[in-house]
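Asker: Predicted model follows, preceded by the sequence.
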Amino acid sequence: MDWSDSWRGAFRIELRAEAVSLAYRGWPVLPGTYPAGTENGVTKWAGRSGLELHGPIPVHRDWVDRVGTRPDQVATWWAGRSYSLLVATGHVVDAIEVGTDLGRRAAVALRSIGVPVPIAATPSGRWMFLVKSGSTLNTELANNPDVHLYGKGEYIPLPPTTMAHGVVHWRVKPQVCGWNLPDAHVVQDALVEAVHAPARYELEAV
């Protein structure tokens, strides 16, 4: 076994460990497609045939029916391949996704009031604030093209999922808030504040 094979094996073990850990906490984990090289400069994704993909999607077409799978079954999904780690939103977890600049300012606003919130970031510069499921965006954020709420029928990639140009990583790990997700309105209030007072939070974020 060469180093690349060894690295892939270790990475798969890390993905499986993270998936099982989330499943034990009731998070609806799903295996997703993963990058498998490039062709003519375009990233090819493996794990599910018949589709031209631009990012990770669930391996199982019936993924909605698999939400709530037990941790022991989740462990078997990562037994042979380095599947992406996806979590279905709308069940326990939702995610409010924003661009890096707005995300950084909102994180500063939340820190200023002592509210830790799990935040994952993608290599493409999107920040995902994880919140309790069941809310909708207020009117101002719903009309903001830089904001998207992932809810029922959707899913998000979580660390250490590999993307085309890097790895999804934690800006704030769930352990920091004791795995307690905040209500969505707390994050929405911080985002609205960050939108209206960007200069203040840009200075504090430096």
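Answerer: Great, that's in hand.

Asker: residue ranges with poor pLDDT in the chain?
Answerer: 1-9, 37-39, 41-43, 49-54, 198-206 (pLDDT under 70).

Asker: Mind jotting down where the helices sit in it?
Answerer: All helices of the chain, identified by DSSP state H, fall at 3-24, 71-77, 100-112, 139-142, 184-196, 198-205.

Asker: okay, the ones you listed in TSV with mean neighbour count and distance to residue 129 next?
Answerer: From N, CA and C alone the C-beta is placed, and that goes for glycine too. Output for those, formatted as TSV (neighbours: other C-beta atoms under 10 Å; distance: least, C-beta to C-beta, whole Å):
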stretch	mean neighbour count	distance to residue 129
helix 3-24	15	17
helix 71-77	15	24
helix 100-112	20	7
helix 139-142	13	11
helix 184-196	20	5
helix 198-205	14	15
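
Asker: can these go into TSV with extra columns for distance to residue 90?
Answerer: Below are the helices of the chain laid out as TSV (distance: least, C-beta to C-beta, whole Å):
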stretch	distance to residue 90
helix 3-24	16
helix 71-77	18
helix 100-112	21
helix 139-142	17
helix 184-196	12
helix 198-205	30
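
Asker: contacting residues around residue 40?
Answerer: By C-beta atoms under 8 Å, 6 or more residues apart in numbering, the contact set of residue 40 is empty.

Asker: Pop the domain breakdown of this protein in here.
Answerer: Domain assignment of the chain by automatic domain parsing yields the ranges 1-83, 89-206.

Asker: who touches residue 137 in this structure?
Answerer: By C-beta under 8 Å, 6+ apart, residue 137 lies in contact with 96, 147, 149, 188.
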